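Asker: mind folding the following:
(2 chains)
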Amino acid sequence: DGGITQSPKYLFRKEGQNVTLSCEQNLNHDAMYWYRQDPGQGLRLIYYSQIVNDFQKGDIAEGYSVSREKKESFPLTVTSAQKNPTAFYLCASSLHWEGRNSPLHFGNGTRLTVT
Amino acid sequence: AQKITQTQPGMFVQEKEAVTLDCTYDTSDQSYGLFWYKQPSSGEMIFLIYQGSYDEQNATEGRYSLNFQKARKSANLVISASQLGDSAMYFCAMRESLSYNQGGKLIFGQGTELSVKP
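Answerer: As a prediction, this is how the structure comes out:
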């Protein structure tokens, strides 16, 4: 079955450590996105990538980094510079970035807790 | 300024009744798309319905329909014959201009938590 796989589902880290969240898709989608969700809040965009080897900052990119070396993969690194990293992280993909009616397909999310 | 506004943090509806979840948006683009997603307590985001700004008819998908009023910039989701499984967070989202730099990203509202009572 095609879909987006995020791993792990739950992640615990000590403050000051970098951590990388995995996102893999086998939908052959061009565009991929990372969103952050805090309790009772909507989704805020961290980074997005329209094509391989290119990505752009979203609204809350500070303290995060990404790479897009393969079409299928878009890992997100939460660095120690991110002041409030504890959150629910959602990865998404879209067939084409320029398809107006093309919905985002989401993974099941990673819940990161930093203590 | 908020691009997407959902003014109802929480809503209750009796099973088998219809419910309307409000969404207003702000854009200066003439061409844009509006989406609704459902997020159960498990966390996954489920795409429900899409409305294009140039679509003449309101979108429908099964029990979901969109009450699209372009002049008022509102795109309310109507769920008919509510079921217990409809209890979840519901998010309205918008895709604006399709420049490369915008990347097809969606802007989300704060969400409405719907509870269906038996």
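Asker: who's in contact with B:S53?
Answerer: Applying C-beta atoms under 8 Å, 6 or more residues apart in numbering or on different chains to B:S53 gives the contacts B:29-34, B:70. (C-beta placed from N, C-alpha, C; glycine too.)
Asker: need the max-distance pair from those residues.
Answerer: Distance extremes for the contacts of B:S53: the farthest pair is B:Q30 and B:L34 at 13.7 Å, using C-beta to C-beta.
Asker: which of those two has more neighbours?
Answerer: Using other C-beta atoms under 10 Å in any protein chain shown, the more surrounded residue of B:Q30 and B:L34 is B:L34, with 27 against 8.
Asker: just checking, that one touches B:N67?
Answerer: No - counting by C-beta atoms under 8 Å, B:L34 does not reach B:N67; the two are 11.2 Å apart.
Asker: let me have the contacts of B:S53 in TSV, extended by distance to A:E98.
Answerer: Below are these laid out as TSV (distance: C-beta to C-beta, whole Å):
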residue	distance to A:E98
B:D29	14
B:Q30	16
B:S31	12
B:Y32	13
B:G33	12
B:L34	17
B:K70	22
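Asker: between B:L34 and B:N67, what contacts are shared?
Answerer: Any residue near both B:L34 and B:N67 by C-beta under 8 Å, 6+ apart counts here, and that gives B:A75.
Asker: can you pull the residues of chain B lying near chain A?
Answerer: Proximity of chain B to chain A, by C-beta under 8 Å from any C-beta of the partner chain, involves residues B:4, B:9, B:31-33, B:35, B:37, B:42-45, B:47, B:50, B:52, B:91, B:93, B:95, B:98, B:100-101, B:103-111.
Asker: now with 6 Å, please.
Answerer: B:33, B:35, B:43-45, B:47, B:50, B:52, B:98, B:103-106, B:108-111 (C-beta under 6 Å from any C-beta of the partner chain).
Asker: mind giving me the ChimeraX command for buried ones among those?
Answerer: In ChimeraX, selecting the buried portion of these, with burial taken from 16 or more other C-beta atoms under 10 Å in any protein chain shown, looks like this:
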select /B:33,35,43,44,45,50,98,103,104,105,106,108,109,110,111
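Asker: just list whatever residues bridge to the residue nearest to A:D59 when sequence neighbours are not counted.
Answerer: Closest residue to A:D59 apart from its sequence neighbours, by C-beta to C-beta, 6 or more residues apart in numbering or on different chains: A:L45 at 5.2 Å. Assessed by DSSP bridges, A:L45 has beta-bridge partners A:Y35.
Asker: how about B:L84, phi and psi?
Answerer: Main-chain dihedrals, B:L84, degrees, to the nearest 10: phi -60, psi -30.
Asker: how about B:V116?
Answerer: According to degrees, to the nearest 10, B:V116 has phi -100, psi 120.
Asker: so in terms of bridging, what pairs with it?
Answerer: Listed by DSSP bridges, the beta-bridge partners for B:V116 are B:V13.
Asker: ok, B:L21 next?
Answerer: Counting by DSSP bridges, B:L21 is bridged to B:L77.
Asker: I figured it hits B:Y90, correct?
Answerer: Yes - with contact defined as C-beta atoms under 6 Å, B:L21 reaches B:Y90; the gap is 5.3 Å.
Asker: relative to chain B, how far out is A:T110?
Answerer: Applying C-beta to the nearest C-beta, to the nearest Å, the value for A:T110 to chain B is 9 Å.
Asker: just the pLDDT at that residue, thanks.
Answerer: On pLDDT, A:T110 comes in at 97.
Asker: how many neighbours does it have?
Answerer: Considering only other C-beta under 10 Å, A:T110 is surrounded by 23 other residues.
Asker: helix, strand or coil for B:G85?
Answerer: helix (DSSP: H, G, I helix; E, B strand; the rest coil).
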